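**Q** Everything below, folded, please.
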Amino acid sequence: TVPAMKQKIRGIIELVWSESTISNLEQRLTHANMNVIKDNNGRILFTGLWGNSFRVTPITVSTWFGPKEMIRPMIDSQGLPGNQSEGLGVSGVTFDVPFRSANMICDYYEQIFGCSVLRSQIDQNHVCHIQIG
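**A** This is a model prediction of the structure:
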């Protein structure tokens, strides 16, 4: 077998987490000697073991997060190993891309995948927002 390689995303992985259990996550990260930063909005920022940056946003139970339609597991599906997760899911990924490539990236996702895209500027840098799923 080929050994697994570390994969580092150039950007930030955005997670949503139950507001009632986010303090448990913060304690586990601190106990694992992770450098945890909590911003003014209650979000937790940290860098994982392989160098990936994460931003975890707490949401209330009444906040809907998930697909517009129910996803039904196959009847004979065994599911994934482990217990139910405290985390609710990945809400997005923010990629750092080469300078002056945002418009080309927007064009690609809009034309090839039919995605909704939003072009904007932050500090005179072009930004591309892509909504998939």
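**Q** wait, residue 54 sits on residue 15?
**A** Yes: look at residue 54 against residue 15 with Cβ atoms under 8 Å: they come within range, at 6.2 Å. C-beta coordinates here come from the backbone N, C-alpha and C atoms, glycine included.
**Q** Low-confidence regions, this protein specifically.
**A** 1, 61-87, 133 (pLDDT under 70).
**Q** What ranges does it have for its strands?
**A** Counting by DSSP state E, the chain has strands at residues 11-18, 37-38, 44-47, 53-59, 87-95, 116-122, 125-131.
**Q** for the second one, packing partners?
**A** For strand 37-38, the helices and strands in contact under the criterion 3 or more Cβ pairs under 8 Å, 6 or more residues apart in numbering; DSSP states H and E are strand 44-47.
**Q** doesn't residue 17 make contact with residue 90?
**A** No: with contacts counted by Cβ under 8 Å, residue 90 stays clear of residue 17, the gap being 11.0 Å.
**Q** who has more neighbours, the two?
**A** Higher neighbour count among residue 90 and residue 17: residue 17, with 24 against 11, using other Cβ atoms under 10 Å.
**Q** For beta bridges, what are the partners of the more buried one?
**A** residue 58, residue 87 (DSSP bridges).
**Q** So it sits against residue 24, correct?
**A** No: contact criterion Cβ under 8 Å: residue 17 and residue 24 do not qualify, at 9.3 Å.
**Q** Residue 120: what's its closest spatial neighbour, skipping adjacent residues?
**A** Leaving out its chain neighbours, the residue that sits closest to residue 120 by Cβ to Cβ, 6 or more residues apart in numbering is residue 127, at 4.8 Å.
**Q** ok, the one you found to residue 105 distance?
**A** As judged by Cβ to Cβ, to the nearest Å, residue 127 and residue 105 stand 10 Å apart.
**Q** buried stuff in the biggest helix by length in the chain?
**A** Longest helix in the chain, counting residues (DSSP state H): helix 102-113. Of all the residues in helix 102-113, those buried under the rule 16 or more other Cβ atoms under 10 Å are 102, 105-106, 109.
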